[in-house]
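S.K.: here is my input; please provide its structure:
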Amino acid sequence: MSVNTIYLKVSTLSNLFIGGSPKTFEIGGIDLFTVTDHEGKPYIPASSFKGSLRRIVREMSQSFEEAELITQAYQSYLLAKKQENLPLIKEMKEKDEFDRVEKRYEEAIHKSSAEYLFGIEGFNHTPKLIFNDFRLLETNVDPFSIDSKNSIEVIDDPKKKDNLVANPRIYKTIRPGVEFSGEIHFYMVNQLQLPPDIVAKFIKKTIDQFNTGVYRLGNSGSRGYGRVQVEVSQEGNGFE
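M.R.: Residues are numbered from 1 along each chain as shown. Next comes the predicted model:
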């Protein structure tokens, strides 16, 4: 197994809200809590960062030349795996299984893209990124903020001329100025026929899109939440 790691620091520039639900129901109390760990500290789940980064890769791939090189590398990788594995399946003399697997490889090769860095549906143990949760860096300041946002709802009441009503929702969020650290591991990337720095360069470019303010983390981005700055604080050497 080959793993290389990029270390990241995420700093909140606005309130950040990720999932969560009220711990107890209180009239006039907090409606929604950002996610916390077993110690009650806020954190950024790996799935949240991964989902946001995957969206950036999907939308920005055509802007970066490395994306096409990664796509071609996955096509070559899958083609080699197909040529390696199909003869073994054919020896089983199970034609239906052979045809099914061959079709799966053909579809995967046809759909190849830089998004395969996040995994290939139906395939295990392929070159990909592995994400860890982002943990709170030590701070002497309360990392939480209490915020109120209006939720516009439609009501079905023929007696009212206006069927829209604004309901205030109270959020317990992560305040601006809070820092988290996390890692992205590069798993088996040496199996792609690429110079070793291509994938790292591409990922660093896509991560930098968080710093434009367009791409955000968590929920309620349209309400001003989720703006962050992401810094690559340390990078491993090679993919060996």
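S.K.: which SS state does the residue nearest the centre of the chain fall under?
M.R.: Geometric centre of the chain, nearest residue: K50, 1.3 Å, by C-alpha atoms, centre = their mean. What DSSP: H, G, I helix; E, B strand; the rest coil gives for K50 is helix.
S.K.: go ahead and confirm it touches E115.
M.R.: No. K50 lies out of contact with E115 (C-beta atoms under 8 Å); the separation is 11.5 Å. (Glycine included, C-beta is placed from N, CA and C.)
S.K.: residue boundaries of the strands in the protein?
M.R.: 3-12, 32-33, 128-131, 135-136, 144-154, 164-174, 179-187, 228-235 (DSSP state E).
S.K.: S222 is nearest to which of the ones you listed?
M.R.: strand 144-154 (10.4 Å; C-beta to C-beta).
S.K.: and S61, which of the strands of the chain is closest to it?
M.R.: strand 128-131 (14.6 Å).
S.K.: which other helices and strands does the closest one contact?
M.R.: Other helices and strands packing on strand 128-131, by 3 or more C-beta pairs under 8 Å, 6 or more residues apart in numbering; DSSP states H and E, are helix 46-60, strand 179-187.
S.K.: tell me which of those sits most buried.
M.R.: strand 179-187 (a mean of 19; mean count of other C-beta atoms under 10 Å).
S.K.: what's the angle from that one to strand 228-235?
M.R.: For strand 179-187 against strand 228-235, the angle by axes from the mean of the first three to the mean of the last three C-alpha atoms, to 10 degrees is 50 degrees.
S.K.: how about residues contacting strand 179-187?
M.R.: The contact list for strand 179-187 (C-beta atoms under 8 Å, 6 or more residues apart in numbering) reads 1-12, 43-44, 46, 49, 127-137, 139, 199-200, 203, 233, 239.
S.K.: got it, and stretch 126-137?
M.R.: Contacts of stretch 126-137 (C-beta under 8 Å, 6+ apart): 3, 8-10, 37, 41-47, 49-50, 74, 77, 116-120, 143, 178-192, 203.
S.K.: give me the low-pLDDT residue ranges for the protein?
M.R.: 1-3, 20-30, 91-95, 150-167, 234-240 (pLDDT under 70).
S.K.: now with 90?
M.R.: Within the chain, the segments meeting pLDDT under 90 span 1-4, 19-33, 61-62, 85-102, 139, 147-171, 195-197, 219-224, 232-240.
S.K.: quick one on the thing from earlier: mind putting the strands of the chain in CSV, distance to L217 included?
M.R.: Shown next, in CSV, are the strands of the chain (distance: least, C-beta to C-beta, whole Å):
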stretch, distance to L217
strand 3-12, 8
strand 32-33, 16
strand 128-131, 13
strand 135-136, 14
strand 144-154, 15
strand 164-174, 10
strand 179-187, 10
strand 228-235, 5
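S.K.: burial measure for F202, as a count.
M.R.: A count of nearby residues for F202, using other C-beta atoms under 10 Å, gives 22.
S.K.: my guess is it meets T71, correct?
M.R.: No. The criterion here is C-beta under 8 Å, and F202 misses it with T71 at 10.8 Å.
S.K.: list residues touching both of the two?
M.R.: With C-beta under 8 Å, 6+ apart as the test, F202 and T71 both reach A114.
S.K.: quick one: list the elements packing against the helix ranked longest in the chain.
M.R.: When the chain is scanned for its longest helix (criterion: DSSP state H), the result is helix 65-91. Packing contacts for helix 65-91, counted by 3+ C-beta pairs under 8 Å, 6+ apart, involve helix 95-110, helix 198-207.
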